[in-house]
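Engineer: Based on what follows, work out the 3D shape:
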Amino acid sequence: MPSTEKIAVVALCEPGEFEWQAVLLMSSVLAFLQDEILPLVYCRRALLPLIHSRTRAFFDDHGIAFHPIDPDFKENYPEGNKLYACAMPRDVSRTLFLDTDLMVVQPTNAQEIFRPAHVSGRVTSDWMWGRTADAWRPVYADFGLRVPRMRLLRKRGEEMALVPLSLNAGVVAFEDARFGKLWLETALRIESGGLVADPYPTLDQIALPIAAARAEMPLHLLDPIWNAPDRMMQRRPGAVKFFHYRRLKFLLPSPAQAIANVLIREFTAFDSLAEMVAFYEDQGATSPLVKYFPG
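Structural biologist: Next up is the predicted model:
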């Protein structure tokens, strides 16, 4: 029988464009996740004063706790904020992390993502690092581990090659709250030891399967419907559960725009996606610590 234990839904919010994304994400979570959930939002402490009062009001109105985090990477590494958010203590053991530029697009049981004693995620579609076992071997070896045997057959240029598993860290789920701390600790050790020549921006993805191996938690590979790219949303909108639109220019022409408009009218003080985006473009703060993406 499916577990009825509450799920902590963890997300990030930072000043500017990521505020409307966080509001849209959490609106979709409240509307469509049919589980018992504990929605939690995290922001770097130094950026909290820049969060707009309307954003705070949204979270307050819906009983969503807003917490500070204090990342301590060697460099400004916004993609790594999720590691600190997932590592934060909480009473709920099951954690579902969702990237800010993502939305739930239909009624969904998130418990389907979880598998006991596993770490769940979708195989990365953009192989930015670790294209061979030789790349992964010294990193695993530093933790006293062998590269796991499971491989994927992927195309590299004109050739096919077997490559070690790597997960996209946009949707990650685990049932043991201690895993979040291990994921963070693994990333910091990789960074401090110089185990990867250029660890950014993929340090979170590099550390994820290694942390799973350290915890003796196999990887549970999710169907792409749980972390769907734009092309899937366009071709198979009825199948998608979580739409990872990434940028506004991919959300606007997609079938999800109409869903976003309904969510915004229902859960916020805005009348449409266009109005909400325009508001934050005009009123949202910016910071050199935040990595903004055009369009």
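Engineer: Beyond the helix or strand bottoming out on mean pLDDT in the chain, next helix or strand please.
Structural biologist: Lowest by mean pLDDT, DSSP states H and E among the helices and strands of the chain is strand 151-156, with a mean of 73. Where DSSP states H and E defines the elements, the next helix or strand beyond strand 151-156 is strand 159-164.
Engineer: Sheet partners, orientation included, of that next one?
Structural biologist: According to DSSP bridges, strand 159-164 forms sheet pairs with strand 151-156 (antiparallel).
Engineer: Residue 122: what's its closest spatial neighbour, skipping adjacent residues?
Structural biologist: residue 227 (4.1 Å; CB to CB, 6 or more residues apart in numbering). Yep, even glycine has a C-beta here, placed from its N, CA and C like the rest.
Engineer: With residue 117 instead?
Structural biologist: Spatially, and ignoring its direct neighbours in sequence, residue 117 is nearest to residue 217 (5.7 Å; CB to CB, 6+ apart).
Engineer: For the one you found, which three-state class applies?
Structural biologist: With DSSP: H, G, I helix; E, B strand; the rest coil as the basis, residue 217 sits in coil.
Engineer: So it is in contact with residue 115, correct?
Structural biologist: No - the pair residue 217 and residue 115 fails to qualify as a contact (CB atoms under 8 Å) at a distance of 9.6 Å.
Engineer: Compare neighbour counts for the two and give me the winner.
Structural biologist: Taking neighbours as other CB atoms under 10 Å, residue 217 and residue 115 compare with residue 217 leading, 21 against 16.
Engineer: Tell me who's in contact with the more buried one.
Structural biologist: 117, 118, 119, 174, 176, 179 (CB atoms under 8 Å, 6 or more residues apart in numbering).
Engineer: Provide a PyMOL selection command restricted to the buried entries of the residues you listed.
Structural biologist: Only the buried entries of these go into this PyMOL selection, using 16 or more other CB atoms under 10 Å:
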select buried, resi 118+119+174+176+179
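Engineer: how far away is residue 81 from residue 87?
Structural biologist: If you measure residue 81 against residue 87 using CB to CB, to the nearest Å, the figure is 11 Å.
Engineer: what's near enough to touch residue 289?
Structural biologist: Taking CB under 8 Å, 6+ apart, we find residue 289 in contact with 44, 46, 47, 76, 78.
Engineer: Next: residue 57.
Structural biologist: Applying CB under 8 Å, 6+ apart, we find residue 57 in contact with residue 269.
Engineer: Just the CA trace of the helix or strand hosting residue 122, in CSV.
Structural biologist: Taking DSSP H and E as the criterion, residue 122 maps to strand 119-123. Provided in CSV are the C-alpha atoms of strand 119-123 (Å, rounded to 0.1, in the frame of the first residue of the first chain):
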residue,chain,number,x,y,z
VAL,A,119,17.1,8.1,-4.3
SER,A,120,14.7,9.1,-7.1
GLY,A,121,15.4,11.3,-10.0
ARG,A,122,15.4,11.5,-13.8
VAL,A,123,18.4,10.7,-15.8
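Engineer: Lovely, talk soon.
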